[in-house]
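A.B. asks: curious how this folds, go ahead:
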Amino acid sequence: MSKTHKKPWWNPIAHFAAHGFVGTVIFFIIMVPAVLLNHLVHYLADFGISKFTLDILTLLEQALVLADASLFFIFICIGAYRAVREFAE
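C.D. replies: Numbering: from 1, shown residues only. Purely as a prediction, here's the structure:
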């Protein structure tokens, strides 16, 4: 004998909130090295490190921030899509 179990109406909201929270934590974990790299670039600039080296480190920092923000945005969009789809069920 099988019963159909209807999920509560707030279930998609809870799933989206949980995924959003975990995604935000991961975003900040990845963002911390980028911020530290920024501080390192400014610190090394005071020591007269070559501009080329500083430019490479700055480029790496910007690439890290861009990749992190892009993947976070995609993650949130996928989570929102799944939540809307779960609401429709």
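A.B. asks: now the helices: where do they sit in this protein?
C.D. replies: Along the chain, the stretches classed as helices by DSSP state H are 11-46, 51-88.
A.B. asks: now the first one: mean pLDDT?
C.D. replies: Put plainly, it is helix 11-46. Averaging pLDDT along helix 11-46 gives 93.
A.B. asks: got the angle for that helix vs helix 51-88?
C.D. replies: With axes from the mean of the first three to the mean of the last three CA atoms, to 10 degrees as the basis, helix 11-46 and helix 51-88 are set at 180 degrees to each other.
A.B. asks: so which bits of helix 11-46 are buried?
C.D. replies: 12, 16, 19, 20, 23, 27, 30, 34, 37, 38, 41 (16 or more other CB atoms under 10 Å). For every residue, glycine as well, the C-beta is placed using N, CA and C.
A.B. asks: ok, now which ones touch the fifth one?
C.D. replies: By CB atoms under 8 Å, 6 or more residues apart in numbering, the contact list for residue 23 reads 72, 75, 76, 79.
A.B. asks: wait, isn't the first one in contact with residue 29?
C.D. replies: Just to be clear, that refers to residue 72. No: the pair residue 72 / residue 29 is not scored as a contact, 11.2 Å apart, by CB atoms under 8 Å.
A.B. asks: take the helices of the chain and lay them out in a markdown table including distance to residue 5.
C.D. replies: Listed next are those as a markdown table, based on distance: least, CB to CB, whole Å:
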| stretch | distance to residue 5 |
| --- | --- |
| helix 11-46 | 11 |
| helix 51-88 | 14 |
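A.B. asks: which among the buried residues of helix 11-46 gets closest to residue 6?
C.D. replies: residue 12 (12.9 Å; CB to CB).
A.B. asks: correct me if wrong: that closest one contacts residue 86.
C.D. replies: Yes: counting by CB under 8 Å, residue 86 is a contact partner of residue 12 at 4.0 Å.
A.B. asks: can I get stretch 67-80 in CSV, CA atoms only?
C.D. replies: Presented in CSV, the C-alpha positions along stretch 67-80 are these (Å, rounded to 0.1, in the frame of the first residue of the first chain):
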residue,chain,number,x,y,z
ALA,A,67,35.4,33.2,-12.0
ASP,A,68,34.1,33.1,-8.5
ALA,A,69,31.4,35.6,-9.1
SER,A,70,30.3,34.0,-12.4
LEU,A,71,30.1,30.5,-10.9
PHE,A,72,28.2,31.9,-7.9
PHE,A,73,25.7,33.6,-10.2
ILE,A,74,25.2,30.4,-12.2
PHE,A,75,24.8,28.4,-9.0
ILE,A,76,22.1,30.8,-7.7
CYS,A,77,20.3,30.8,-11.1
ILE,A,78,20.3,27.0,-11.2
GLY,A,79,19.0,26.9,-7.6
ALA,A,80,16.2,29.3,-8.4
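A.B. asks: many thanks, we can stop here.
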